[in-house]
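*Asks:* fold the following.
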Amino acid sequence: MLGLLRRSQVRLALRSAPRRGGFGSPKDHEPAWIERWMANRREGQDNMDWFFRVFNSTRIYENFLKSSPRFYGFVVWSAIIGGYCWSRMWDHIWNYVNQGKLYRHNPYVYPIPDDDE
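*Replies:* Numbers count the residues shown, from 1 in each chain. So this is what the prediction gives:
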């Protein structure tokens, strides 16, 4: 009987013991070189730091790119609008280069009718 009581007390003590973490647990620490590497954020040292600051200030990622449906919608609508703008840009360039040579630049002018009176 004493052994049975002892086992239940040991099980209860093991069950209530605080978990300190182990390999692969969230409390497990990485090697020191990885922690140093992750702590080095290179803020202000990167050549493209200005771009990332501007991009992050637009909040495009949080609003459009974070979830899959929004991302796919953003890609589709950006392609539609981007394709239209691309086409209109080349139409304007073609119009500028061929100024005076296209049919719409030279409208037909009807001659003044002669008076037969």
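
*Asks:* remind me, longest helix of the chain?
*Replies:* Longest helix in the chain, counting residues (DSSP state H): helix 68-97.

*Asks:* average pLDDT for that one?
*Replies:* The predicted model assigns helix 68-97 a mean pLDDT of 96.

*Asks:* tell me how far that helix is from the chain's mean position?
*Replies:* Here the centre of helix 68-97 is set off from its chain's centre by 18 Å, with CA atoms, centre = their mean, to the nearest Å.

*Asks:* what's around the residue nearest to His105 when sequence neighbours are not counted, how many residues?
*Replies:* Nearest non-adjacent residue to His105, counting by CB to CB, 6 or more residues apart in numbering: Gln99, 6.6 Å away. Glycine gets a C-beta too; all of them are placed from N, C-alpha and C. Using other CB atoms under 10 Å, Gln99 has 9 other residues around it.

*Asks:* quick check: the gap between Gln99 and Val109.
*Replies:* 18 Å (CB to CB, to the nearest Å).

*Asks:* His92 now?
*Replies:* According to CB to CB, His92 and Val109 sit 26 Å apart.

*Asks:* between the two, which is the more surrounded one?
*Replies:* Neighbours were tallied for His92 and for Val109 using other CB under 10 Å; the higher tally belongs to His92 (10 against 6).

*Asks:* number of nearby residues for Phe52?
*Replies:* Per other CB under 10 Å, the neighbour tally for Phe52 reads 11.

*Asks:* which residue comes closest to it once chain neighbours are left out?
*Replies:* In this structure, Phe52 finds its nearest non-sequential neighbour in Asp46, 7.3 Å apart by CB to CB, 6+ apart.

*Asks:* which SS state does that neighbour fall under?
*Replies:* For Asp46, the assignment made with DSSP: H, G, I helix; E, B strand; the rest coil gives coil.

*Asks:* that one touches Asn40, doesn't it?
*Replies:* No: contact criterion CB atoms under 8 Å: Asp46 and Asn40 do not qualify, at 11.4 Å.
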